[in-house]
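[1] Just a sequence and a predicted model for now, questions to come.
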Amino acid sequence: MTKSMWVAVTILFLLFTACGVFMVLLQKDEEEKNIHYFLTRNRLNTAISYRDLSLSVSDVAVLKDVSVRLNDLPGLTNNIGEFSVHHYKESNHIAARLSFSAEKVDFRLVDIARILKKSDENVIETLAYFNPSADILNYPLYAVLLAGCNTISADVKGDYSYSPAAKKMTLAADISDNCLGRWKISVSLNNISNAQQGQLILAFKHLVQKGSPLTDLKKFLDGAAVTSLSFSYTESALVNGYKRYIDTLYLRQPDTPSPAEPDNRDIQKIVSYLSFSNAHRQRNADIAQTIAAFIKSPDKISFQSKPGKEVPLRVLNGTFLRRVVDLLLRLDTTVTLEKSTF
Amino acid sequence: MNSFFKTAALFFLLTSEAGAQTFDIQTGHEMKRIAYSAKAGVEVFAEASDGKWCEDILNLKIFAQDETAFKDTALNPLMAKVALVLNSECPAALQAVIDGYSANTLVFQGSASATNNWKPEKGTLKVKIRQLQAAAANAAVSKDGFPVKEWAPPAGKQRIVAHIDPQTALEYRIYSKDKNCSILYTTDKPADKIKDWFIGVGRNSCSENLIYGRAEVSVFNEKGNLETTLDGYFTEGRFTGRKNLNVVLLNRYGAGKNNQILSYLIDSDPELRIHYLGYLKSSRNRRTGFYSPWAGCSPFTIAAVTENEELFLENTVTDNILRTAESFADIFCQGARQMKFFATTVPQGIPGMDIPETVRKNPDETVDPESQLIYAAVLERKPGKKWKIVSDKTQNLAKLRENARRAEDLREHQLMMADYNELTKSDYLGRLAYMIGVDRIDTLPAMLTAAAITQKPVRVNMLVNVASLGLDKAWVGWPAEFLITQTSGLLNKPGWHIVSGSLRLMTPEERKQHKKTDPFTAGVLELSSAAACEQEACGEVADLIGLIRRRHEKPNWLPYHAPYKQEDEL
């Protein structure tokens, strides 16, 4: 290659590079405008802010250092290191597919407790007389704090897909944190109308806008049926931390059994509870034994519903826990313990 | 003669006849014959106690065939012979109380003393006084005596000397011109004038420089003018008006200048641990300025001074004590129509008893007279009739206090039962909280979480096992490793304790200094109190009954359970 050829190649390379950079800048600007338009159109621009936007080769927009002002938790300090939307697809102006991930979702639980507290006396009273079994559902935030988890830095992945014609929706979430452990849930719902899908979107909107996400979720699930459910929890420090708290509460001495670990009597209680509306005593006993084994030696526990089962949510009654248990049993869910790699 | 001894023997065997005063020997007492005269048909016995008859005050029993033996002409020579025996066999004897019997009947009461060459003196009152002196002296010297609120009749075997309160008793001794005779005179005139006063005495001879018995005394003031004339009876120089009161004085004091009081000992009952006291009063006439003669029979006021409050919880015992008081009224104030009876723990200072009702308690005094009063009653009788209690004036404070005490006991028992029932349902921490009297026992994670949420120190009570002690600080090993500060004087040994104080989160600097990474175990307790456990982890709370007993300071308490009622019994 001659010298002039080298010069021509270099000039061309520089031209292409300049064009590439210019195109990326144009695309980024366009993306920023799109995001800004999206946030403004949905009136989210006052609740969500971010420091930077980057574009990857795969055209995935990555928001950096995102901060969200939650409607029910004003003033909560939080930061999402990176928020990416991997897939987004609409069908007849209805969101049909969404896949996103968030890395390093940082906040402190004690800040949430501080915002939600009624009075100092109420906090002290509630914690002083905290019932380690009944109050897990009454005061779940305090339960997590008592387990020793406070500073959260979680990675979150979410998937959403909806088929308006088939009225089917699938939701999946994968959350992992060094203290809270890894939570994976996937649920398929049937009989979801467009209006109900809209309620789900509203529920998310009402996290940052005035409104009640819980009411929205109730409306969203009204008339729905669960066709598939899988859930797994992988222990990091949460269960062991809570056990440690119970040991302290019941003055556990070294080399003595932990009062937090279910004994035969407790297992029998769980079996009785599970058998409330289900006749499969042996299966229920197995589930109770599995849960007891998990509490004794926490690692990974998975719940998987049986294919082909469908449970309309309206048939479930009682407390939240009762409904969840009933749902699992009606879906003929199997519970298994696994070795984790978390 | 044989018939006499048969009579004497029969005397010991026969029971009393109706209406006759018969010889009564207390349990454990025996008789020692010290003299006899076959010619006169007389035997003299000395009462012995535990085989010992020779005492400073003797109780002599004279048994005679007929009453003429107790006439002065027969008794004086007899006692002269008895004196010879006493001088040789019992030189310690100083006084004797004499009871004379004839045909099993007490026909003579008198006394004699060594100072008077054992010359017998007749008279039941004199005898009674001697007996009282003997009883009081015995009570005072007995090993286990029975002082009441640190008070007892003055000791002294010969005679009880009255105590005069110089602060409140307005009394002066006024002498005759020749200084041979004197009276104890009550007046509120100034002492520097009284010292020049004198008396003139008619119809009386003085004894020990004081006028006794019937006398007519003229009192002259410092100018030689007649101040007043005292015509009547005197007791140890004190004017008692028309009443011949011969009593053993105890105290003389005043309740203000208008009321002067004089207490005297009536009897001491070692068995029931009661001292019976009577009171004489002299009041100042506001118009004339003179004090009335000492009077104690209208009404007759008697106090049973005792700490044995339980006596008045039983009606039969109270009735017996009242009967005793009635008999004293007959001895000292025969013919009295009204009697005020008091049972108290103190010999003086009770409104209505010795001091007037209107005299209120001194605010500086810490003792409430009501608390010293046990029982009060007014008794009245009509001529020839028995004493009757005026029911609406009876106060049985012993019973009231006992009822209140029982009610309080019942209430406390109910409280303890409530505690017991509550604690049977309570967990370990609940029992620990009960043990030290706090609402709850806290756990470290919960309270550190509370401190983190509220961003303030939290007041806590916690069970901890102190691992090591430092200078004004300590490190806890259980439930987690955390720091206790301000331990000086509160924590002095490692081990299990229940500690109270203010719990806060460690500052970032403290966490770095002490290498504490977990914020919810990185706490600092500023100690305010600490109680050491007796057993590991305060295991003593497992003994529920012991726990309640300690808390209520009732070491003998036991829970009771209501009888179980069967459904088919309904």
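    Alright, I've got the coordinates.

[2] In which helix or strand does A:Thr215 reside?
    helix A:213-221 (DSSP states H and E).

[3] Can I get that helix as CSV, trimmed to CA atoms?
    Written as CSV, here are the backbone C-alpha positions of helix A:213-221 (Å, rounded to 0.1, in the frame of the first residue of the first chain):
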residue,chain,number,x,y,z
PRO,A,213,-51.6,0.9,44.4
LEU,A,214,-53.3,-1.7,46.6
THR,A,215,-56.8,-0.8,45.4
ASP,A,216,-55.4,-0.9,41.8
LEU,A,217,-54.0,-4.4,42.4
LYS,A,218,-57.3,-5.6,43.8
LYS,A,219,-59.1,-4.4,40.8
PHE,A,220,-56.4,-5.9,38.5
LEU,A,221,-56.8,-9.3,40.1
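
[4] So for it, mean pLDDT?
    What helix A:213-221 shows for mean pLDDT is 93.

[5] Tell me the buried residues in it?
    A:Pro213, A:Asp216, A:Leu217, A:Lys219, A:Phe220, A:Leu221 (16 or more other C-beta atoms under 10 Å in any protein chain shown). In short, each C-beta sits where N, CA and C put it, glycine included.

[6] quick one: low-confidence parts of the chain?
    Assuming you mean chain A. Along chain A, the model assigns pLDDT under 70 to residues A:24, A:26, A:55-59, A:276-279, A:341-342.

[7] hmm, I had chain B in mind actually
    In the predicted model, chain B carries pLDDT under 70 at residues B:1-29, B:106, B:122-162, B:203-205, B:207-208, B:359-367, B:369, B:519-520, B:561-570.

[8] Chain A contacts on that one?
    B:428-429, B:440, B:442-447, B:449-450, B:452-456, B:458, B:463, B:479-480, B:518-520, B:537 (C-beta under 8 Å from any C-beta of the partner chain).

[9] quick one on the thing from earlier: now do the next helix or strand after the helix holding A:Thr215: which elements does it pack against?
    Beyond helix A:213-221 on the C-terminal side, the first helix or strand identified by DSSP H and E is strand A:225-234. Here strand A:225-234 touches strand A:181-190, strand A:300-304, strand A:311-312, helix A:320-330, going by 3 or more C-beta pairs under 8 Å, 6 or more residues apart in numbering or on different chains; DSSP states H and E.

[10] Go through these and name the closest to B:Asp192.
    helix A:320-330 (101.2 Å; C-beta to C-beta).

[11] Who's the closest spatial neighbour of A:Leu331, skipping the chain neighbours?
    When the adjacent residues along the chain are set aside, A:Leu331 lies closest to A:Ser305, with 3.6 Å between them (C-beta to C-beta, 6 or more residues apart in numbering or on different chains).

[12] The one you found and A:Phe320: what is the separation?
    The gap separating A:Ser305 from A:Phe320 is 18 Å, by C-beta to C-beta, to the nearest Å.

[13] Strands along the stretch 451-570 of chain B, start to end?
    Remark: strands assigned in the stretch 451-570 of chain B by DSSP state E, counting those that start in this stretch are B:458-470, B:473-478, B:482-485, B:495-505, B:523-532.

[14] Buried residues, the last one. List them.
    In other words, strand B:523-532. Residues of strand B:523-532 classed as buried by neighbour count (16+ other C-beta under 10 Å): B:Gly523, B:Val524, B:Leu525, B:Leu527, B:Ala530, B:Ala531.

[15] how much space between the first one and B:Gly495?
    Counting by C-beta to C-beta, the separation of B:Gly523 from B:Gly495 is 20 Å.

[16] do the same with the second one
    When distances are taken as C-beta to C-beta, B:Val524 and B:Gly495 turn out to be 20 Å apart.

[17] State the helix or strand in which B:Asn403 lies.
    Assigned by DSSP H and E, B:Asn403 falls in helix B:397-425.

[18] Same check on B:Glu370?
    Take DSSP H and E as the rule and B:Glu370 turns out to sit in helix B:369-372.

[19] same question, A:Thr290
    A:Thr290 is part of helix A:281-296 when elements are defined by DSSP H and E.

[20] Near chain B, which residues of chain A are found?
    Proximity of chain A to chain B (C-beta under 8 Å from any C-beta) is limited to residues A:110, A:113-114, A:117, A:120, A:123-124, A:127-130, A:142, A:145-146, A:148, A:150, A:244-245, A:248-251, A:253.

[21] Near residue 224, how many other residues are there?
    Assuming you mean chain A. Applying other C-beta atoms under 10 Å in any protein chain shown, we find 20 other residues in the vicinity of A:Ala224.

[22] Sorry, I should have been clearer: chain B.
    Neighbours around B:Gly224, by other C-beta under 10 Å: 9.

[23] Can you give me every residue that contacts the residue lying closest to B:Leu544 once chain neighbours are set aside?
    Spatial nearest neighbour of B:Leu544, excluding adjacent residues (C-beta to C-beta, 6+ apart): B:Leu423 at 5.6 Å. Contact analysis of B:Leu423 by C-beta atoms under 8 Å, 6 or more residues apart in numbering or on different chains lists B:Gly430, B:Arg431, B:Tyr434, B:Leu544, B:Leu547, B:Ile548.

[24] Look at the last one and say how many residues are nearby.
    Other residues near B:Ile548 come to 21 when the count uses other C-beta under 10 Å.

[25] from what I can see it touches B:Asn421, true?
    No: applying C-beta atoms under 8 Å, one finds B:Ile548 not in contact with B:Asn421, separated by 10.6 Å.

[26] how about the helices of the stretch 201-350 of chain B, start to end?
    B:315-332 (DSSP state H, counting those that start in this stretch).

[27] How far off centre is the helix holding B:Glu370?
    12 Å (C-alpha atoms, centre = their mean, to the nearest Å).

[28] Compute the inter-axis angle for the helix or strand that comes right after it and helix B:315-332.
    The helix or strand immediately downstream of helix B:369-372 is strand B:373-380, counting by DSSP H and E. Inter-element angle recorded for strand B:373-380 and helix B:315-332: 60 degrees (by axes from the mean of the first three to the mean of the last three C-alpha atoms, to 10 degrees).

[29] what comes into contact with whichever helix or strand comes after strand B:373-380?
    Using DSSP H and E, the next helix or strand after strand B:373-380 towards the C-terminus is strand B:388-389. Contact partners of strand B:388-389, identified using C-beta under 8 Å, 6+ apart, comprise B:Leu322, B:Ala377, B:Val378, B:Leu379, B:Glu380, B:Arg381.

[30] Perfect, that will be all.
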